[in-house]
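J.: Build me a model:
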Amino acid sequence: MKYIVMFVLGLLLCTGLAAQSMPQPPPAKENAPFIVYLGNLPDGNTPKLMYRQCPTADINTGSDTAKQIAHAVRNGLLDNFAPKIIVLLLGAEDTGPTQSTPWSCARNIGDLLHALRTKQPKATIVLLPILPVHSQPMRATIRKTNRLLQTLADGHSVIFADVSQALMPPNSDTPDPTLLSPKQKHPTAEGCQRIADALQSTLERLLK
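T.: Residues are numbered from 1 along each chain as shown. This is a model prediction of the structure:
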């Protein structure tokens, strides 16, 4: 009997210590952002993207792919946030001559959307397209990928906001070179402002 009591006490003690050693989610921040911008955000120009009528935050994942970001989300990347809207700008690191096909890129982004909806079920995800580039072969790949991305949106929990035309001159399918960075992976400050203007009505509707 004595050994049973000692075993139970030891088990309770170990369980308590294990619970204490488990990582705890950080406390919710005051004035938590209503909008979180997530993805391959343009260094230095991210503030130009932000809708300033409510608290916002940006999480720049740098050169991470959609698959890597999904892993980070599942491991707590957004656990201290409770946004109403998540604006997702991806694709720059998932496309390119040596990168994935349109189908695998869309599949990886779909997996990221699933991770976001699991971790942030109350948030509406605004999925932006892969931004256009000047290279003709890449433009064809991006168009195919964006058509696939549109099918991932249900119009409610995930909204596809095609802001590509904001970077195009009138009657053209080639982006304005002044609106993209030299490597064409990110918009310039002016490009970010054009995207923000194109997004404004969507964000205002979702924030009501």
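J.: where does this protein dip in pLDDT?
T.: For the chain, the stretches with pLDDT under 70 are 1-32, 43-45, 92, 96-99, 183-185.
J.: Identify the residues contacting the closest residue to residue 114 other than its chain neighbours.
T.: Sequence neighbours aside, residue 70 is the residue nearest to residue 114 in space, at 7.8 Å (criterion: CB to CB, 6 or more residues apart in numbering). Just so you know, the C-beta spots here come from the backbone N, C-alpha and C atoms, and that holds for glycine as well. If you count contacts by CB atoms under 8 Å, 6 or more residues apart in numbering, residue 70 has them with 108, 111-112, 114-115.
J.: Tell me which helix or strand comes right after the helix or strand residue 58 falls within.
T.: Here residue 58, judged by DSSP states H and E, is contained in strand 56-60. Counting by DSSP H and E, the next helix or strand C-terminal to strand 56-60 is helix 66-74.
J.: buried residues in that next one?
T.: Buried residues in helix 66-74, counted by 16 or more other CB atoms under 10 Å: 66-70, 72-74.
J.: quick one, helices of the protein?
T.: 2-21, 46-49, 66-74, 102-119, 136-150, 189-207 (DSSP state H).
J.: Any idea how many residues pack against residue 193?
T.: Other residues lying near residue 193 total 16 when counted by other CB atoms under 10 Å.
J.: And the one 4 residues further on, by the same measure?
T.: Residues contacting residue 197 under the criterion other CB under 10 Å number 11.
J.: Contacts only, for it.
T.: If you count contacts by CB under 8 Å, 6+ apart, residue 197 has them with residue 166.
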